[in-house]
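Trainee: next input, structure requested:
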Amino acid sequence: MNQNPQNKITTVILEDDNIYAENIELLLNSTEDITCIKIFSNTFDFIKEFKNYTPDIYWIDINLVDGSGSDMIFNIKQHNPLALCLVCSFCDDDDTVFKAISNGADGYLLKGESNEKILNSIRELYNGGAPMSSIIAQKILTVFRSQIASDSNNLTPRENQILEELSKGLKYKEIAVNFNISYETVKKHIQNIYQKLEVTNKTEAIIKHLYGK
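Mentor: Reported below is the predicted structural model:
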């Protein structure tokens, strides 16, 4: 059930704040390239009917009166792994954000973004991007970097600290002063870092530390 003679980007909205949902619908329908084809206000109706629609993008709130938007994303992806899901929510705590992403969210906006940001995010997602509010993007970047630092190698806490200092551009002597250790100890730590990361110089070590490459 996706009548779209104008070849617009079609959306289905799952949002229990009726006024907000109607405002988003008006915003989307005011454009020349985006349209809303259905609004659901609860998970009960959504579960019963969402398979009747094939929108380009699902617009999903997270905390709903009768269920979880993250669970609905999981259901959508089980039915159609290629479906695109854009979260728009007030929730920005780590557990909620990462559960939504783990369940298949393709983008994550916080409510309060400008109309321009909302419309551009829908277009970006449709064209293969992963739109996010800046706070959400920073959360993901922080976790990604810490995961690389802790899991992609067998560095000790001290070696990770020294590598982090190297990535800031500090010299061996400065690192020694910061950690109240000798210059030779710093050199020994760095030798161990190179060996564990299987690199031969500082630049390679920093790149592998920051980006896992």
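Trainee: going forward, measure contacts between C-alpha atoms and count neighbours the same way
Mentor: OK.
Trainee: how close does I206 get to N160?
Mentor: From I206 across to N160, the span is 11 Å (C-alpha to C-alpha, to the nearest Å).
Trainee: can you pull out the helices in the chain?
Mentor: Along the chain, counting by DSSP state H, helices occupy 18-29, 43-49, 69-79, 94-102, 115-126, 134-151, 157-167, 172-179, 183-197, 202-211.
Trainee: out of the ones you listed, the one nearest I37 is which?
Mentor: Across those, I37 has its closest neighbour in helix 18-29 (8.8 Å, C-alpha to C-alpha).
Trainee: mind exporting that closest one as CSV, just the C-alpha atoms?
Mentor: Presented in CSV, the C-alpha positions along helix 18-29 are these (Å, rounded to 0.1, in the frame of the first residue of the first chain):
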residue,chain,number,x,y,z
ASN,A,18,-0.3,13.3,18.0
ILE,A,19,0.4,17.0,17.7
TYR,A,20,4.0,16.4,17.0
ALA,A,21,3.2,13.7,14.5
GLU,A,22,0.8,16.0,12.7
ASN,A,23,3.4,18.8,12.6
ILE,A,24,5.9,16.4,11.1
GLU,A,25,3.4,15.2,8.6
LEU,A,26,2.7,18.8,7.6
LEU,A,27,6.4,19.5,7.3
LEU,A,28,7.1,16.5,5.1
ASN,A,29,4.0,17.1,2.9
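Trainee: quick one: contacts of it?
Mentor: Helix 18-29 has contacts (C-alpha atoms under 8 Å, 6 or more residues apart in numbering) with 13, 15, 34-36, 39, 41, 115, 119.
Trainee: now do the buried residues in it.
Mentor: Within helix 18-29, the residues scored as buried using 16 or more other C-alpha atoms under 10 Å are 21, 24-25, 27-29.
Trainee: what's the angle between that helix and helix 115-126?
Mentor: Angle, helix 18-29 to helix 115-126, by axes from the mean of the first three to the mean of the last three C-alpha atoms, to 10 degrees: 70 degrees.
Trainee: how far off centre is helix 18-29?
Mentor: What separates the centre of helix 18-29 from the centre of its chain is 24 Å, taken as C-alpha atoms, centre = their mean, to the nearest Å.
Trainee: now it: mean pLDDT?
Mentor: Taken as a whole, helix 18-29 has a mean pLDDT of 97.
Trainee: likewise for stretch 137-146?
Mentor: 76.
Trainee: same check on stretch 177-197?
Mentor: pLDDT averaged over stretch 177-197 gives 90.
Trainee: show me the shaky parts of the chain.
Mentor: The chain contains residues with pLDDT under 70 at 1-5, 144-153, 209-213.
Trainee: try 80 this time
Mentor: 1-6, 141-154, 201-204, 206-213 (pLDDT under 80).
Trainee: rewinding a little: tell me the most buried of the helices of the chain?
Mentor: helix 69-79 (a mean of 20; mean count of other C-alpha atoms under 10 Å).
Trainee: can you tell me which of the buried residues of helix 18-29 is closest to I57?
Mentor: For those, the nearest to I57 is L28 (12.0 Å; C-alpha to C-alpha).
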